[in-house]
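> what follows is a predicted structure for the sequence shown.
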Amino acid sequence: MAKRGEVVLKVSGLRRAFGPVTILDKFNLEVRAGEAVALTGRNGAGKSTLLRCLVGADKPDDGSITVCGTELSETAPEIRRDMATVIDDLDFFPDLSVVEHLDLLARAHGLGEPEPVVDEILHEVQLIPQSGQLPGTLSSGQRRRLALATAFVRPRKLLILDEPEQRLDTEGIKWLSGRLAEERNNGLAIVFASHEPTLVNSVATRILHLGAARAEAGAPTGQSLAEPSLQAGAADPALVEQVGAGAPQQTQTQQPKKKPKPSQGRKKQQNRPKSPSENRNR
């Protein structure tokens, strides 16, 4: 985690247009360690476009983005080390079980002993019974939990999520709200788009409502000109801290003292999970 108060993400003068339609213009944002910024607004306001620019999946037409002082580049080792993302449906390795996939991901990001971390996360996302299954056999909700687990089994200073509540039931949204509040309280910087009021109010220290300001000012027909503005009624930071503070303890008290381990999903050491290149060459 970064030091609390340190600027983790800085966006300056960001502009993104598709032909004559300008989605984002002169967008500025700073997110510090221990802050959680929620992006809200109608569909098409630019939330997903902004997030794709922040993770390097889309290239802005103008402006700059830095993460922990490093200019954004999707292939930069520093960016891959510091940023964890869940913005699209992930493509999982088809020949690796759920637990093997997470083991491989954790090792790839430098965890020397990933198994305890992976087992803990699998228990938290309630995928212990499915740990030996291939991802393609999971339900849509279970696949969403696995996608979120990929962000939690690796080191991170910045977490970027696009509607992470998708396909989660009420219990899952409650768990996610508590988990993200805990991550924020531990010093993680978070940027997420969401339509779920429970998640926004529980996690966010700031709410940016995209699209409303320029639309109300009479933006020309056919253009969606989005600028960030602090949404009226945004959660008070002190209140959010108080709400989030209790979530981790509540989650911990509900967990059994002895947790089942998903060892049945792991192959023996000599049958280690295949790397992506090995899978492609089969």
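Structure's in. What do you need? Residues are numbered from 1 along each chain as shown.

> flag the shaky bits of the stretch 51-200 of the chain, pLDDT-wise.
Low-confidence segments of the stretch 51-200 of the chain (pLDDT under 70): 89.

> where exactly do the helices run in the stretch 51-200 of the chain?
For the stretch 51-200 of the chain, applying DSSP state H, counting those that start in this stretch gives helices covering 77-82, 98-108, 114-124, 140-152, 170-185, 197-203.

> relative to Leu158, which of those is closest?
Ranking these by proximity to Leu158 (Cβ to Cβ) places helix 77-82 first, at 5.9 Å. Backbone N, C-alpha and C define where each C-beta goes, glycine included.

> and that closest one, which residues are buried?
Ile79, Arg81, Asp82 (16 or more other Cβ atoms under 10 Å).

> need the residue closest to the centroid of the chain.
For the chain, the residue nearest the mean C-alpha position is Leu161 (3.2 Å; Cα atoms, centre = their mean).

> for it, give the beta-bridge partners.
Counting by DSSP bridges, Leu161 forms beta bridges with Val86, Phe192.

> isn't it right up against Met83?
No - contact criterion Cβ atoms under 8 Å: Leu161 and Met83 do not qualify, at 11.5 Å.

> circling back to that earlier point, adding distance to Asp58, write the helices of the stretch 51-200 of the chain out as a markdown table.
Output for the helices of the stretch 51-200 of the chain, formatted as a markdown table (distance: least, Cβ to Cβ, whole Å):
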| stretch | distance to Asp58 |
| --- | --- |
| helix 77-82 | 15 |
| helix 98-108 | 23 |
| helix 114-124 | 29 |
| helix 140-152 | 19 |
| helix 170-185 | 24 |
| helix 197-203 | 24 |
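
> and those, which is most packed in?
Across the helices of the stretch 51-200 of the chain, the average number of neighbours (mean count of other Cβ atoms under 10 Å) peaks for helix 98-108, which reaches a mean of 23.
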